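Visitor: model the structure of this input:
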Amino acid sequence: MRAAEGKRLLMARYVTIAKFCELTGFTPAAVYTRKCKGIWPEGSVWKYEPGTKKILMDIEAYDEWVEKGQGSQSFPTPAMKSPSPTKASASGNASKRSPVLPTLES
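Guide: The predicted model follows:
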């Protein structure tokens, strides 16, 4: 048995988000993002503490989620939008991506 497994046996199954982040390396923002986007629906990796609205993370369910390969899911990246040339010229702001070429004096 590895040392990490030995420590794991003494840990509670449900932990707070702060403890979950400490154990897994997730940030609280990442946990809330997965919760709100439905990647971790209620009852799968998290649930409310009975009688309160405090969120508890299920360490065993999280381990199963990772082992099933669902931990490699990535979020869709929004498409990058470049400024429209007509909008940039209309507002009087030149694009900062285009270098200004020096003028040659003769």
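
Visitor: helices of this protein, residue ranges please.
Guide: For the chain, applying DSSP state H gives helices covering 3-8, 17-24, 28-36, 59-67, 85-91.

Visitor: what residues are bridge-paired with the residue lying closest to residue 15 once chain neighbours are set aside?
Guide: Leaving out its chain neighbours, the residue that sits closest to residue 15 by CB to CB, 6 or more residues apart in numbering is residue 57, at 5.5 Å. For the C-beta atoms, the positions are set from N, CA and C on the backbone; glycine is no exception. Beta-bridge partners for residue 57, by DSSP bridges, are residue 15, residue 46.

Visitor: distance of residue 57 from residue 104?
Guide: For residue 57, the distance to residue 104 (CB to CB, to the nearest Å) stands at 65 Å.

Visitor: so which residues make contact with stretch 49-65?
Guide: Under the criterion CB atoms under 8 Å, 6 or more residues apart in numbering, residues 11-17, 19-20, 23-24, 31, 35, 40, 44-48, 71 lie in contact with stretch 49-65.
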